[in-house]
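In: Quick one: sequence plus predicted model below, questions after.
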Amino acid sequence: MARILIVDDSPSQLYGMQKVIEKMGHEVLTASNGEEGVQMAKEQLPDLILMDVVMPELNGYQATRKISKDERTSHIPVIMVTTKGLLTDKVWGMRQGAKEYLVKPVADKDLINAVNENLAS
């Protein structure tokens with residue numbers, strides 16, 4: 001069982017992803033904005049982070065950059081899960097340190113595959 005942090009400001013998106021991850025047998029931590037997500041990553045050291053992009057205070061790109069540049073959290077894989085689906089969005093997300101980039105709405109099987117692949121590596 002892994003500990004997975006989901007960072008998303010949409011309660012419905014958070015709930016949907018949480019149910020999928022819990023069904024997989026993993027523990028879920030949640031944060032509702034990027035700043036809270038960065039703080040929780042430092043305090044809880046989850047095994048994986050699912051990160052939205054469009055959020056108040058600190059967006060997902062900024063939060064991913066902070067997590068990937070901090071020596072305490074740089075080992076944690078970040079999967080961006082967002083509505084921003086342009087190629088430039090994906091390239092920018094990967095440059096910030098994301099290991100994978102999924103565009104909402106994400107099929108459960110695609111989310112499960114991405115989580116399993118990133119936990120295995």
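Out: Looks like it came in fine.
In: which SS state does the residue nearest the centre of the chain fall under?
Out: Among the residues of the chain, the one closest to the centroid is Leu50, at 1.6 Å (C-alpha atoms, centre = their mean). Three-state assignment for Leu50 (DSSP: H, G, I helix; E, B strand; the rest coil): strand.
In: cool, the one 5 residues further on as well?
Out: State at Met55, reduced to three classes by three-state DSSP: coil.
In: Not counting its neighbours along the chain, what's nearest Leu48?
Out: Ile4 (4.8 Å; C-beta to C-beta, 6 or more residues apart in numbering). (C-beta placed from N, C-alpha, C; glycine too.)
In: Distance-wise, check that neighbour relative to Ile112.
Out: 12 Å (C-beta to C-beta, to the nearest Å).
In: Pull the contacting residues for the residue nearest to the centre of the chain.
Out: Going by C-beta atoms under 8 Å, 6 or more residues apart in numbering, Leu50 touches Ile4, Leu5, Ile6, Val7, Asp8, Met17, Ile21, Ile79, Val81, Leu111, Val115.
In: Inside helices: which ones of those residues?
Out: Counting by DSSP state H, these place Met17, Ile21, Leu111, Val115 in helices.
In: Would you format these as JSON lines with pLDDT included?
Out: JSON lines is the format used below for these (pLDDT from 0 to 100):
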{"residue": "Met17", "pLDDT": "97"}
{"residue": "Ile21", "pLDDT": "98"}
{"residue": "Leu111", "pLDDT": "98"}
{"residue": "Val115", "pLDDT": "98"}
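In: filter those to the buried ones?
Out: The neighbour count (16 or more other C-beta atoms under 10 Å) marks Met17, Ile21, Leu111, Val115 as buried among these.
In: pretty sure the second one is in contact with Val28, am I right?
Out: Yes: A contact is recorded between Ile21 and Val28 when judged using C-beta atoms under 8 Å, the distance being 5.1 Å.
In: joint contacts of those two?
Out: Common neighbours of Ile21 and Val28 (C-beta under 8 Å, 6+ apart) are Ile4, Ile6.
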